[in-house]
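Chemist: Any chance you can model this:
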Amino acid sequence: MLRKYYPGKAVVAAIGYAVPFVILPLLFLSAFQTFLPESINIEFQVDIRTLETLIIAIGATIVVMAFMTAMFAKGLLGRAIFGSLRQAAKFAWLYFFFNAGFIAILLTIEGGQGLGPIPVQGLTLSVHFEQLLYILYFAILLMALYFVVEYAVYRRVVQEQYYVEPSYY
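Modeler: Down below sits the predicted model:
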């Protein structure tokens, strides 16, 4: 018999999505702020506190959507809806975390000592990687399409398994 709901699988999926989308990015940002020497000032284009808030908000949305997606069996409408919404939240998470493919860092070193043998007072580093994000966006779009196709393919199996003849008095 086909099961409709999988609560144990849902908890495992939620934990599995919490690690890469919430815990590791927050650990990375806090380690970056903590272990940076005092003489080096790094200014990002975005505020770190705002980025942490967005990571928590969108990451929690992804975790809840992963829980709900794994809770439903294939062929149920809830799985298709929450799976597609999870992909939309992943899209937003990538967009905000990577600042739409552009990261600008201003590095200034106080005291005039430079970086080892390099006498640098100020250095601006700009990284553009929009093309890589386009590939990831396309992969996310394909995963959203996968949930719609999965619903269409498995729907007949679910209907056969759970269909109940209407009883007429």
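Chemist: residues touching Met68, list them.
Modeler: Contacts for Met68 (CB atoms under 8 Å, 6 or more residues apart in numbering) come out as Ala10, Gly78, Phe82. Where C-beta positions appear, they are placed from N, C-alpha and C, glycine not excepted.
Chemist: of those, closest to Ile62?
Modeler: Among the contacts of Met68, Phe82 lies closest to Ile62 (CB to CB), at 10.7 Å.
Chemist: What helix or strand is that closest one located in?
Modeler: Per DSSP states H and E, Phe82 falls inside helix 77-97.
Chemist: Buried residues, that helix. List them.
Modeler: By neighbour count with 16 or more other CB atoms under 10 Å, helix 77-97 contains the buried residues 79-87, 89-91, 93-97.
Chemist: Can you list the helices and strands that that helix packs against?
Modeler: If contacts are counted by 3 or more CB pairs under 8 Å, 6 or more residues apart in numbering; DSSP states H and E, helix 77-97 sits against helix 48-71, helix 130-162.
Chemist: Just to check, Tyr137 is in contact with Phe91?
Modeler: Yes - assessed by CB atoms under 8 Å, Tyr137 is found in contact with Phe91 at 6.3 Å.
Chemist: Run through who's touching stretch 70-88.
Modeler: Outside stretch 70-88, the residues that touch it by CB under 8 Å, 6+ apart are 2-7, 9-10, 12-14, 62, 65-66, 68-69, 140-141, 143-144, 146-148, 150-151, 153-158.
Chemist: cool, and stretch 89-103?
Modeler: Stretch 89-103 has contacts (CB under 8 Å, 6+ apart) with 21, 25, 44-46, 51, 54-55, 58-59, 61-62, 65, 126-133, 136-137, 140.
Chemist: Could I have the buried ones of those as PyMOL selection syntax?
Modeler: Restricted to buried positions by 16+ other CB under 10 Å, the PyMOL selection for the contacts of stretch 89-103 reads:
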select buried, resi 21+25+51+54+55+58+59+61+62+65+133+136+137+140
